[in-house]
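*Asks:* Kindly return the folded structure for what I paste below:
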Amino acid sequence: MSISTDSYTAVAEQARQATERSVEGFRNAAQVFANQFEAVALPTVDLTEPVARYFEYVQKAVDVNRDLATKWAELVSNLSGSAREQAEKVSGIVRNQTDTVADLTVKQAQKAEQAAKEQAEKVEQVKRDQAEEAEEAERAQAREAKRV
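*Replies:* Numbering: from 1, shown residues only. Next up, the predicted model:
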């Protein structure tokens with residue numbers, strides 16, 4: 001591999017690692033939030049607006065998850081009058097959905113890394129092909145000069 005392939009691969013790997021760290025932070029925050037349902041009766045909380053603002057700054061890859069998070073936030077805000085049993089059900093849903101979102105985001109980052117590696121390999125192959133063509137042209141020119 002050449003320097004350009006290594007740099008493309010390194011950038012893709014850093015992006016994947018950053019995504020995984022972000023997902024882990026989101027997962028941990030959701031876990032702490034979900035655990036609070038079991039310990040405390042929830043007051044009326046409207047999280048729809050903060051979730052909408054948050055997703056304005058998230059990468060395009062996460063946009064697919066916007067509706068899921070908005071619905072989750074609406075469920076949380078409607079829990080104030082619900083019984084403890086309903087809160088436990090919602091925390092299970094939140095955990096499952098958070099894991100699903102995290103897994104999908106990590107898979108998307110892995111696909112992007114793979115695509116970057118493949119593109120870098122294609123660039124390297126083109127360079128090798130061009131070098132071979134140049135060598136072949138030189139050999140043909142030398143044969144022609146020798147023949148003359």
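
*Asks:* residue ranges with poor pLDDT in the protein?
*Replies:* Under the criterion of pLDDT under 70, the regions of the chain flagged as low confidence span 1-4, 37-43, 50-67, 69, 76, 78-84.

*Asks:* Mind naming the longest helix for it?
*Replies:* Longest helix of the chain, by residue count under DSSP state H: helix 84-147.

*Asks:* Distance from it to the middle of the chain?
*Replies:* Helix 84-147 sits 14 Å away from the centroid of its parent chain (C-alpha atoms, centre = their mean, to the nearest Å).

*Asks:* Report all helices and strands that that helix contacts.
*Replies:* helix 3-39, helix 66-77 (3 or more C-beta pairs under 8 Å, 6 or more residues apart in numbering; DSSP states H and E). Using the backbone N, CA and C atoms, a C-beta is placed for each residue, glycine as well.

*Asks:* Please spell out which residues along the first one are buried.
*Replies:* Residues of helix 3-39 classed as buried by neighbour count (16 or more other C-beta atoms under 10 Å): 5, 8-9, 12, 16, 19, 22-23, 26-27, 30, 34, 37.

*Asks:* still on that earlier bit, which one of the helices and strands packed on helix 84-147 lies nearest to Asp129?
*Replies:* helix 3-39 (15.1 Å; C-beta to C-beta).

*Asks:* ok so, going back, compare the helices and strands packed on helix 84-147 and give me the one nearest Val126.
*Replies:* Among these, the nearest to Val126 by C-beta to C-beta is helix 3-39 (11.4 Å).

*Asks:* now that closest one against helix 84-147, angle please.
*Replies:* Put simply, helix 3-39 runs at 180 degrees to helix 84-147, going by axes from the mean of the first three to the mean of the last three C-alpha atoms, to 10 degrees.

*Asks:* about what we covered before: rebuild the buried residues of helix 3-39 as a markdown table, extending it with distance to Glu74.
*Replies:* Formatted as a markdown table, the entries for the buried residues of helix 3-39 read as follows, by distance: C-beta to C-beta, whole Å:
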| residue | distance to Glu74 |
| --- | --- |
| Thr5 | 47 |
| Tyr8 | 41 |
| Thr9 | 41 |
| Ala12 | 36 |
| Arg16 | 32 |
| Thr19 | 26 |
| Ser22 | 23 |
| Val23 | 22 |
| Phe26 | 18 |
| Arg27 | 21 |
| Ala30 | 15 |
| Ala34 | 16 |
| Phe37 | 15 |
